[in-house]
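Participant: Mind folding the following:
(chains A and B)
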Amino acid sequence: MKVILAQHGGQAAGINLNRPPKVIESAALDEPKAAELKGLVAAATSAPSSAASSGKARDEMSYTITIQDQARETVLSQSDTSMSDDFAKLLAWLQRYSGK
Amino acid sequence: MFSNHCRCINCITPPHLLKKLLENPDGRIRDAALRTLLTTAHLRGERSVRGLLASAALVSSHGRRTISDCANTRSLPSATIRRTEDGPASTDDSVNRAFVGLGLTREFYREILDRDSLDGNGMRLNGYVHYHTGYNNAFWDGSSMVFGDGDGMLFTDFTKSLDVIAHELTHGVTEFTARLEYLNQSGALNESMSDVFGSLVKQWAGKQTADQADWLIGAEVFTPGIGADALRSMKEPGKAYNNDILGRDPQPDHMNKYMNMTDDNGGVHINSGIPNKAFYLTSVGIGGYAWEAPGHIWYEALLASNLTTNFQEFADTTYLKAGQMYGSQSAEQQAVLSAWKEVGIRISGARTLAGTAARVRRPMADISNGRDEDQADVARRVEQLTGQLATLSKQVASLRSKPH
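Facilitator: Model (predicted):
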């Protein structure tokens, strides 16, 4: 499984534009970490959609997490003010282990 | 207004003036305005009167501040209040910096632009610090300001930057005025408004002239080891940073470098470089304090803008407002014209006049005594001649109407 994290917008939008997405290959992780990632991905992809953004937030960041697992690709996209708990947990894990 | 002698219909104080008086800090004036409303017979019972009375009943909070601590979570509702408007300073420097920054922004809007908080009606100012863990950002969530601590590698605490604080709060002002849609050019204008007034609050707090100001946004949020000037430069868009860690600042400084993109809502933080530079050029062109003429021109243009205003429309409005406020062909208006021209936007009205001048057969050298003139000078002379012609026409008409 490959998980790709891209960050957008925010005060540092210009910097985020320059930075390539972070990629994590579960095959390169040790077993506990790989299992942890698998669990977080499962929770985030099965969680109900986050509450719709008010559309009034400015300079918030948004995040696109792409999960490529065998032949299937799932794309999750949420923002600071419209983030589900499960998405937040997956995001935090990816930011910690991908070097942000 | 309260004369006992004037009975003509023209002496009735118009509703918009009474509404303004209802907001006067002097209680005697507010009371007098309220009595006028109640005793003016032809207005009694009208919906407009009821609305004005309802306004009178609202007491402005005058932007009272509350700063809360998110304790490194993403939850605002569970944040703990750490400082209130009348409470003591906190032991947390982030709390105190946010408190001071919100206050300076509030005072700027009140003293310089006569605006009572973000909504013009004393809206309370709420700030949330220590949002999430290592959060490299600050944002406006639609009603409150939220600050991250930074990850300590690239960024530090975002409460350290007064212009970032004022930038975020200005998003609130924009939302209560033009409501510029946060997408493409209107979104880039939205961002630019925040950079403009963010920078102005910092300049005003430091009593800096346009020449003295650094025109940088977020200079204080980078960690010392990162070789970057700031998040953005209004003076030199595209040159705020350039290194292996951050890459190169992608902001354009001219319309010929405008970036059509889907990321960042169509590049709202990127293309803002163009109107940012126009404001910088206007400010140094006029000179003195940028929050005076330039700031007022931009503010009035913001009030006159709407959801879909684009760069050209906004530029035209700044030119119009400069003329209305400081006079047609004034130094202020000329500075606005020149600034937008330098970033690749020609003011529509000025272009029309210049086109008219081009069709005049008489060589302009005869009028100009051989001096070289640019199109703005030509446009000015055409306008002067047009005005003189109008005056002469009236005089002729007046002579013809007199009996022989």
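Participant: which one is residue 74 nearest to, not counting chain neighbours?
Facilitator: Chain wasn't specified; assuming chain A. Nearest residue to residue A:74 in three dimensions, chain neighbours excluded: residue A:67, at 4.5 Å (Cβ to Cβ, 6 or more residues apart in numbering or on different chains). (Each C-beta comes from the backbone N, C-alpha and C, glycine too.)
Participant: my question was about chain B
Facilitator: residue B:132 (5.1 Å).
Participant: What about the one you found, how many residues nearby?
Facilitator: By other Cβ atoms under 10 Å in any protein chain shown, the residues close to residue B:132 number 20.
Participant: where along chain A do the strands fall?
Facilitator: A:2-9, A:22-25, A:61-69, A:72-79 (DSSP state E).
Participant: Identify, out of the ones you listed, the most deeply packed stretch.
Facilitator: strand A:2-9 (a mean of 20; mean count of other Cβ atoms under 10 Å in any protein chain shown).
Participant: Can you tell me the strand partners of that one and which way each runs?
Facilitator: strand A:22-25 (antiparallel), strand A:61-69 (antiparallel) (DSSP bridges).
Participant: before we move on, back to that, tell me which element the residue nearest to residue B:74 is part of?
Facilitator: According to DSSP states H and E, residue B:132 maps onto no helix or strand at all.
Participant: wait, doesn't it sit right on residue B:72?
Facilitator: Yes. Using Cβ atoms under 8 Å, residue B:132 is in contact with residue B:72, at 6.4 Å.
Participant: And the residue most central in space within chain A, how far from chain B?
Facilitator: Nearest to the mean C-alpha position of chain A, counting by Cα atoms, centre = their mean, stands residue A:65 at 3.7 Å. Applying Cβ to the nearest Cβ, to the nearest Å, the value for residue A:65 to chain B is 16 Å.
Participant: do you know which of the strands of chain A lies nearest residue B:325?
Facilitator: Closest to residue B:325 of the strands of chain A is strand A:2-9 (Cβ to Cβ; 34.8 Å).
Participant: Which positions in chain A make contact with chain B?
Facilitator: A:8-19, A:54-61, A:80-81, A:83, A:88, A:92, A:95, A:100 (Cβ under 8 Å from any Cβ of the partner chain).
Participant: What segments of the chain are helices?
Facilitator: Since you didn't name a chain, this refers to chain A. A:13-18, A:31-46, A:85-98 (DSSP state H).
Participant: actually chain B
Facilitator: Counting by DSSP H, the helices of chain B are B:15-22, B:27-39, B:47-57, B:93-113, B:162-176, B:184-206, B:263-267, B:273-286, B:293-303, B:311-326, B:331-342, B:348-358, B:364-368, B:375-401.
Participant: Worst mean pLDDT among those helices?
Facilitator: For these, mean pLDDT drops lowest on helix B:364-368, to a mean of 43.
Participant: OK, contacts around the residue of chain A positioned farthest from its centre?
Facilitator: Note on chain A: the largest C-alpha distance from the chain mean falls to residue A:56, namely 22.2 Å (Cα atoms, centre = their mean). Residues in contact with residue A:56 (Cβ atoms under 8 Å, 6 or more residues apart in numbering or on different chains) are B:141, B:142, B:143, B:175.
Participant: show me the residues around the residue most central in space within chain B that make contact.
Facilitator: By Cα atoms, centre = their mean, chain B has its centre lying nearest to residue B:299, at 3.6 Å. Neighbouring residues of residue B:299 by Cβ under 8 Å, 6+ apart: B:113, B:197.
Participant: Distance-wise, check it relative to residue B:112.
Facilitator: Noted for residue B:299: a distance of 9 Å to residue B:112, by Cβ to Cβ, to the nearest Å.
Participant: Any buried residues in stretch A:81-91, and which?
Facilitator: A:81, A:82, A:83, A:84, A:86, A:87, A:88, A:89, A:90, A:91 (16 or more other Cβ atoms under 10 Å in any protein chain shown).
Participant: from these, which is closest to residue B:200?
Facilitator: Using Cβ to Cβ, those come closest to residue B:200 at residue A:81, 27.0 Å.
Participant: and that closest one, what is it in contact with?
Facilitator: Contacts of residue A:81 by Cβ under 8 Å, 6+ apart are A:53, A:54, A:57, A:60, B:139, B:141, B:142.
Participant: Enumerate every residue touching the spatially closest residue to it that is not a sequence neighbour.
Facilitator: Nearest residue to residue A:81, sequence neighbours excluded (Cβ to Cβ, 6+ apart): residue A:57, at 4.5 Å. Residues in contact with residue A:57, defined by Cβ under 8 Å, 6+ apart, are A:79, A:80, A:81, B:139, B:140, B:141, B:142.
Participant: now swap in residue A:66 and tell me
Facilitator: Residue A:66 neighbours (Cβ under 8 Å, 6+ apart): A:3, A:4, A:6, A:21, A:73, A:74, A:75, A:76.
Participant: For it, name its beta-bridge partners.
Facilitator: According to DSSP bridges, beta-bridge pairing links residue A:66 with residue A:4, residue A:75.
Participant: if I look at it, how far off is residue A:18?
Facilitator: 19 Å.
Participant: Please apply the same query to residue B:212.
Facilitator: 31 Å.
Participant: Could you do residue B:303 as well?
Facilitator: 35 Å.
Participant: Next: residue A:89.
Facilitator: For residue A:89 relative to residue A:18 (Cβ to Cβ), the value is 27 Å.
Participant: Then residue B:170?
Facilitator: From residue B:170 to residue A:18 the distance is 26 Å (Cβ to Cβ).
Participant: Spell out which parts of the stretch 51-200 of chain B neighbour chain A.
Facilitator: B:74, B:133-134, B:136-143, B:146, B:151, B:154-155, B:158, B:164, B:167-168, B:171, B:175, B:182, B:190, B:194.
Participant: Show me how to select, in PyMOL, the buried members of those residues.
Facilitator: One line in PyMOL is enough to select the buried members of those, burial here meaning 16+ other Cβ under 10 Å:
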select buried, chain B and resi 74+134+136+137+138+139+140+141+142+143+146+154+155+158+164+167+168+171+175+182+190+194
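Participant: Spatially nearest residue to residue B:196 (excluding sequence neighbours)?
Facilitator: Per Cβ to Cβ, 6+ apart, closest to residue B:196 is residue B:279, 5.0 Å.
Participant: Verify the contact between the one you found and residue B:192 for me.
Facilitator: Yes. With contacts counted by Cβ under 8 Å, residue B:279 reaches residue B:192, the gap being 7.2 Å.
Participant: Near residue B:245, how many other residues are there?
Facilitator: Residue B:245 has 14 nearby residues by other Cβ under 10 Å.
Participant: Please name the nearest non-neighbouring residue to it.
Facilitator: residue B:226 (6.4 Å).
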